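Novice: The following block contains a protein sequence and its predicted model.
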Amino acid sequence: MLEVKGRGLVEGECEGRLLISSMPLSFYGGVDPETGVVVDREHDLYDRCLKGVILVFPYSKGSTVGSYTILRLARRGLAPAGIVNLVSEPIVVIGCILGGIPLMDKPSVNIVELRDSLNGVKARMVVEGRDGVLEVLERV
């Protein structure tokens, strides 16, 4: 089992399959709030649904409306179960606060670099106070 520690930003606990991107993500215009599917044709997660996954990506980009897109996804039951960033920006932090989505950043291991071996693997994430922990539950 791999345990990755990081900085806790939005408290919560979740389990899900890891969906890892090496690219920044814009929720506004890059993700369809009606389906939860990445619609940015240039993104490495194009046509993938974010519902129920633990989404790992370096950082967000784009408009502050992305925070409300995350909230819309959460209200429709289409949001990621949790999010891990290398560095979280206010767009994602606010969206996760509004949507009640656990969020951590600054992982002790660069999970993005392990994308090929960890994508689709089941994981558990616990964020309490200033601490975040991502536990990979399946062998890699």
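Specialist: Received it, and whenever you're ready, just let me know what you need. Numbers count the residues shown, from 1 in each chain.
Novice: From now on I want contacts and neighbour counts done on CA atoms only, so please keep to that.
Specialist: Noted.
Novice: I figured Val112 hits Leu18, correct?
Specialist: No. Val112 sits out of contact with Leu18 when judged by CA atoms under 8 Å, with a separation of 10.7 Å.
Novice: Could you check which of the two is surrounded by more residues?
Specialist: Leu18 (26 against 21; other CA atoms under 10 Å).
Novice: tell me which residues form a beta bridge with the more buried one?
Specialist: Using DSSP bridges, the beta-bridge partners of Leu18 come out as Ile54.
Novice: Now do the contacts for it.
Specialist: Neighbouring residues of Leu18 by CA atoms under 8 Å, 6 or more residues apart in numbering: 53-56, 118-123.
Novice: Of the residues you listed, keep whichever come out buried.
Specialist: Among the contacts of Leu18, those classed as buried by 16 or more other CA atoms under 10 Å are 53-56, 118-123.
Novice: immediately after the helix or strand of the chain with the lowest mean pLDDT, which helix or strand?
Specialist: The weakest-scoring helix or strand in the chain, judged by mean pLDDT, DSSP states H and E, is helix 115-118 (a mean of 93). Reading on from helix 115-118 to the C-terminus, the next helix or strand found by DSSP states H and E is strand 122-128.
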